[in-house]
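Q: Quick one: sequence plus predicted model below, questions after.
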Amino acid sequence: SQYSFFLGLIGSAVGLGNIWRFPSLIAMFGGGPFIVAYMIVLLLIGLPMMTLELTLGQKFQGGDVDAFGSINPRFRGIGVASVLCSFIASTNYTVILSWAAIYFFESMMPSL
């Protein structure tokens, strides 16, 4: 459904880095200039890249490697790089979530 797709986009775009680092960076570097720079980068880089990925996926009905490879066979490397970056980010999130699970279960143990 469109609702679940929209929630998936938000979850993918926000990520853990924006939830954890964003408030501390605002406090460290001042609120106004950082928000302005963040919004400029979001509008000039983040949204066009997300639109490009969604559009190519719909047009070519395939994954990143197939979509970029359909444009030009030399572009398959861009698709491979995006898959590799997604794998690295997923691995990082898995480690962070496992730390949270460990701390959750250790919080229920009696202290020694």
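A: Ah, there it is.
Q: use CA for all of it now, contacts and neighbours both
A: Noted.
Q: if I look at Phe22, how far off is Ile71?
A: Distance, Phe22 to Ile71, using C-alpha to C-alpha, to the nearest Å: 36 Å.
Q: Looking at those two, which has the bigger crowd around it?
A: Taking other C-alpha atoms under 10 Å, Phe22 and Ile71 do not tie; Phe22 has more neighbours (15 against 12).
Q: Return the residues in contact with the more buried one.
A: Shown in contact with Phe22 (C-alpha atoms under 8 Å, 6 or more residues apart in numbering): no residues.
Q: How about Val95?
A: With C-alpha under 8 Å, 6+ apart, Val95 has no contacts at all.
Q: got the phi/psi numbers for Met108?
A: Note on Met108: backbone dihedrals following degrees, to the nearest 10 are phi -90, psi -10.
Q: Could you check how many residues crowd around it?
A: Other residues close to Met108 by other C-alpha under 10 Å number 8.
Q: swap in Asp66?
A: Neighbour count for Asp66, taken as other C-alpha under 10 Å: 19.
Q: and it, helix, strand or coil?
A: At Asp66 the chain is in helix, as set by DSSP: H, G, I helix; E, B strand; the rest coil.
Q: I'd assumed Val80 was in contact with it.
A: No - at 9.5 Å, Asp66 does not count as touching Val80 under the criterion of C-alpha atoms under 8 Å.
Q: so how far is Phe87 from Thr94?
A: Distance from Thr94 to Phe87, by C-alpha to C-alpha: 10 Å.
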